[in-house]
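**Student:** predicted model, plus sequence, below.
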Amino acid sequence: MKRRAVGLSAWIVVVLALFAVRKSTVTVTAQTRGAVQAPNLEVDPFWPKPLPNHWLLGSVTGVAVDAQDNVWIVHQGGSTLNARTEMGAATTPPTAEACCVPAPPVLKFDAAGNLLASFGGAGTGYSWPRLPQGITIDAKNSVWIGGTAAGTVEGPAGPPPEGDQPPRATGARGAAAAALARGRGGAAQGQRDAQVLKFTGDGKFVLQIGMPGKVDGPESSTTLSLPANIEFDAAANEVYVADRGNHRVVVFNADTGAYKRHWGAYGNKPEAADPPPYDPAAPAAKQFRAVSCVRIARDGFVYVCDRESNRVQVFQKDGKFVKEAVISKTTRGDGAVWDIAFSRDAQQRFMYVADGHDKTVLILNRDSLEVVTKFGTGGRQPGQFFGVGNIAVDSKGNVYTGETYEGKRVQKLAYKGLSNVTR
């Protein structure tokens, strides 16, 4: 009896220790050596098929897959295209009639890469973002889009950081400098993007949450600031917004846009002040630096990208913090965690992390948040990346990536099953 009691006590200690680990931070700096299985992906160099009408993509800032395995993208169009070499046919008068003009901001492809539909841009009843970013297709085939152009604000947040603004254009050289800044993700001066839009699948406006330039801070229940990504929870009919400028995740009713709840890093109350620049030697920031994505797994856990802090934080749907992982601790600059997607097996065993700064995609074990392997290097050839900022997976396990900055493209990597990798 005594031996059995000791054994039971030891078992309880182990369970409690495992629970404590689950609640803790995982810093991914070392990996267990040996052969493990990981998704095997093969790039399709002919996907998508050529666009009509001399259309050209600008910086791709959102990729999503709907229930029919159609692939949707949003891109930033003319504001990120080079006026001299990429928009000759769009100038007045045209400087190069053969090429090119910006494609409509929202494009829909089938799994074979055929263009099925397109829409987007200014319209009646809504405020189209100056720099659209993030796209999600909900269970009713509605299309959700955010925006991240810095600019003037009317609320207490004050002016945007100086580094988010393009240089003032004065004369030909100044105009060229402004065009270059736009090509790097900036936009002409105007109101800050602070709105999320909802459309039907054929582009009819349905709902707008927030107003451009109207920013009331991170405790607001009605305003946003630089909403970078949207996620839909069908079970609760809610949308989760990666509210980058407010350092928080905020949740709304998907039909009415009514506010439900919000939270910051570790489930803390978000603050308006920006944390200091990322330093790998410093303690972890208690606030989000740049919330670039929010994703919900089948088991109900909410995964949040804190891009410039190189970390993923995991929450329950009520905002209770569960755990986090630092993915690439030494990465500075734009950060290593831009977007995430889950594998399509029943357990969603793997998690893909788009690392735009390091120009690669990491594959993590979703349970342990440890890096299993990665694919892609910097470059412009098929299977290489430049600014890979968005990622999505279809029902067959095929992976789709979007590249921002000067990448300006979307790629398909076909799923070929699992294979052994040595790490």
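**Tutor:** Looks like it arrived, so ask away. Since the structure is predicted, the reported quantities are computational estimates derived from the model, not experimental observations. Numbers count the residues shown, from 1 in each chain.

**Student:** how about low-confidence regions in this structure?
**Tutor:** Within the chain, the segments meeting pLDDT under 70 span 1-34, 95-97, 155-188, 423.

**Student:** ok, longest strand in it?
**Tutor:** Across the chain, the strand with the greatest residue count (assigned by DSSP state E) is strand 409-422.

**Student:** helices and strands around it, which ones?
**Tutor:** Helices and strands in packing contact with strand 409-422 are listed as strand 35-44, strand 60-65, strand 71-75, strand 370-375, strand 399-403; criterion 3 or more Cβ pairs under 8 Å, 6 or more residues apart in numbering; DSSP states H and E. No exception for glycine: its C-beta is placed from N, CA and C like everyone else's.

**Student:** let's see that with 10 Å instead.
**Tutor:** Contacting strand 409-422 under the criterion 3 or more Cβ pairs under 10 Å, 6 or more residues apart in numbering; DSSP states H and E are the following elements: strand 35-44, strand 60-65, strand 71-75, strand 106-109, strand 370-375, strand 388-393, strand 399-403.

**Student:** Throw the ones you listed into CSV and include distance to residue 329, thanks.
**Tutor:** What follows is the helices and strands packed on strand 409-422, written out as CSV (distance: least, Cβ to Cβ, whole Å):
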stretch, distance to residue 329
strand 35-44, 22
strand 60-65, 26
strand 71-75, 31
strand 106-109, 36
strand 370-375, 12
strand 388-393, 20
strand 399-403, 23
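
**Student:** quick one: closest of the ones you listed to residue 211.
**Tutor:** If you check each of the helices and strands packed on strand 409-422 against residue 211 by Cβ to Cβ, strand 71-75 wins as the nearest, at 19.8 Å.

**Student:** name every strand pairing with that closest one and say which way it goes.
**Tutor:** Paired neighbours of strand 71-75 in the sheet (DSSP bridges): strand 60-65 (antiparallel), strand 106-109 (antiparallel).

**Student:** out of those, which is closest to residue 342?
**Tutor:** Of all those, strand 60-65 sits nearest to residue 342, with 11.6 Å by Cβ to Cβ.

**Student:** tell me the contacts of residue 49?
**Tutor:** With contact taken as Cβ atoms under 10 Å, 6 or more residues apart in numbering, residue 49 is in contact with 109, 110, 112, 113, 114, 115.

**Student:** let's go with 8 Å and repeat that
**Tutor:** 112, 113, 114, 115 (Cβ atoms under 8 Å, 6 or more residues apart in numbering).

**Student:** does the last one touch residue 103 like I think?
**Tutor:** To tie it back to what came earlier, the one meant is residue 115. No. With contact defined as Cβ atoms under 8 Å, residue 115 does not count as touching residue 103 (9.0 Å).

**Student:** so what sits against both of those two?
**Tutor:** Taking Cβ under 8 Å, 6+ apart as the criterion, residue 115 and residue 103 both touch residue 51.

**Student:** in terms of neighbours, single out the busier of those two.
**Tutor:** Set side by side, residue 115 and residue 103 give different neighbour counts by other Cβ atoms under 10 Å, the larger being at residue 103 (23 against 16).

**Student:** wait, the more buried one touches residue 80, no?
**Tutor:** No. Contact criterion Cβ under 8 Å: residue 103 and residue 80 do not qualify, at 11.8 Å.

**Student:** the closest residue to residue 387 other than its chain neighbours and residue 386: what is the separation?
**Tutor:** Spatial nearest neighbour of residue 387, excluding adjacent residues (Cβ to Cβ, 6 or more residues apart in numbering): residue 405 at 3.7 Å. Residue 405 sits 7 Å away from residue 386, taking Cβ to Cβ, to the nearest Å as the criterion.

**Student:** next one: residue 199
**Tutor:** Plainly put, residue 199 is 29 Å away from residue 386 if you go by Cβ to Cβ.

**Student:** compare the two (neighbour count), which wins?
**Tutor:** Neighbours per residue (other Cβ under 10 Å) separate residue 199 from residue 386, with residue 199 holding more: 19 against 16.

**Student:** the more buried one and residue 141 touch, don't they?
**Tutor:** No. No contact is recorded between residue 199 and residue 141 when judged using Cβ under 8 Å, the distance being 10.1 Å.

**Student:** now the closest residue to residue 190 other than its chain neighbours: phi and psi?
**Tutor:** With Cβ to Cβ, 6+ apart as the measure, residue 151 is the residue that lies nearest to residue 190, at 4.9 Å, once sequence neighbours are left out. Geometry field for residue 151 lists phi and psi as phi 170, psi -160, criterion degrees, to the nearest 10.
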